[in-house]
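>>> Have a look; sequence and predicted model below, questions after that.
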Amino acid sequence: MKRAVVVALMVAQACTPQSSDSGRTVYNDKCAVCHGFNGRGDGDLADGLDPRPADLTQIAARRDGVWPMLEVMAIIDGYTKRYLPGSDMPIYDEFLEGDLVTFDTGNGIRQKAPANLLSIARYLETLQDPKPERSVP
């Protein structure tokens, strides 16, 4: 009985909104139709978009191996798009709704962020090819 409780707690923790597993679920639901299930910009709607959706597996590679966590979160949350339009990427307000979670931005500073937004950013980090050499806030 005690072991079952521990396993249940571990599973619940692994699937919290800030985990990359839950980020995959949100990504597949909202982003894959354009960016593709593997993040390469080849989703079902990609051919009809101009510009084409970005290859999300190359974010760190385009930045010399650096994973820019806060920059990625800013693009996903749509904040800059509200004021600087220029792509067909929709703004999903639900990424900003719900629970706030605390995370380390990468420089030792702990911030609160929407759990869904953080989970998508963490999932995108797992898609990087090659894997990032380091992260920056």
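Noted; the coordinates are in hand.
>>> in this structure, which spans are helices?
2-14, 20-30, 32-35, 69-77, 79-83, 115-126 (DSSP state H).
>>> deepest of those helices, which one?
Highest mean neighbour count among the helices of the chain (mean count of other C-beta atoms under 10 Å): helix 115-126, with a mean of 23. For the C-beta atoms, the positions are set from N, CA and C on the backbone; glycine is no exception.
>>> Against which helices or strands is that one packed?
helix 20-30, helix 69-77, strand 100-104 (3 or more C-beta pairs under 8 Å, 6 or more residues apart in numbering; DSSP states H and E).
>>> Quick check: which of those is nearest to Phe37?
Set against Phe37 and scored by C-beta to C-beta, the helices and strands packed on helix 115-126 come closest in helix 20-30, at 6.5 Å.
>>> what's that closest one packed up against?
helix 115-126.
>>> if we look at the helix it packs on, which residues are touching it?
Helix 115-126 has contacts (C-beta atoms under 8 Å, 6 or more residues apart in numbering) with 16-24, 26-27, 31, 39, 56, 59-60, 67, 69, 72-73, 76-77, 94-101, 103, 132, 135.
>>> Same check on stretch 25-43?
So stretch 25-43 is contacted by 44-46, 49, 52-57, 88-89, 92, 95, 116, 119-120, 123-124, 127 (C-beta under 8 Å, 6+ apart).
>>> Write the ChimeraX selection for whichever of those are buried.
A single ChimeraX command selects the buried members of the contacts of stretch 25-43 (16 or more other C-beta atoms under 10 Å):
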select :52,53,54,55,56,57,89,92,95,116,119,120,123,124,127
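>>> Take the contacts of stretch 25-43 and keep only those in strands.
Using DSSP state E, no member of the contacts of stretch 25-43 falls in strands.
>>> Could I get the contacting residues of the closest residue to Asp104 other than its chain neighbours?
Leaving out its chain neighbours, the residue that sits closest to Asp104 by C-beta to C-beta, 6 or more residues apart in numbering is Arg110, at 5.7 Å. Contacts for Arg110 (C-beta under 8 Å, 6+ apart) come out as 102-104.
>>> how much space between Val33 and Gln58?
To Gln58, Val33 is 19 Å away according to C-beta to C-beta, to the nearest Å.
>>> Can you say which of the contacts of Arg110 are buried?
Phe103.
>>> Fine, thanks again, bye for now.
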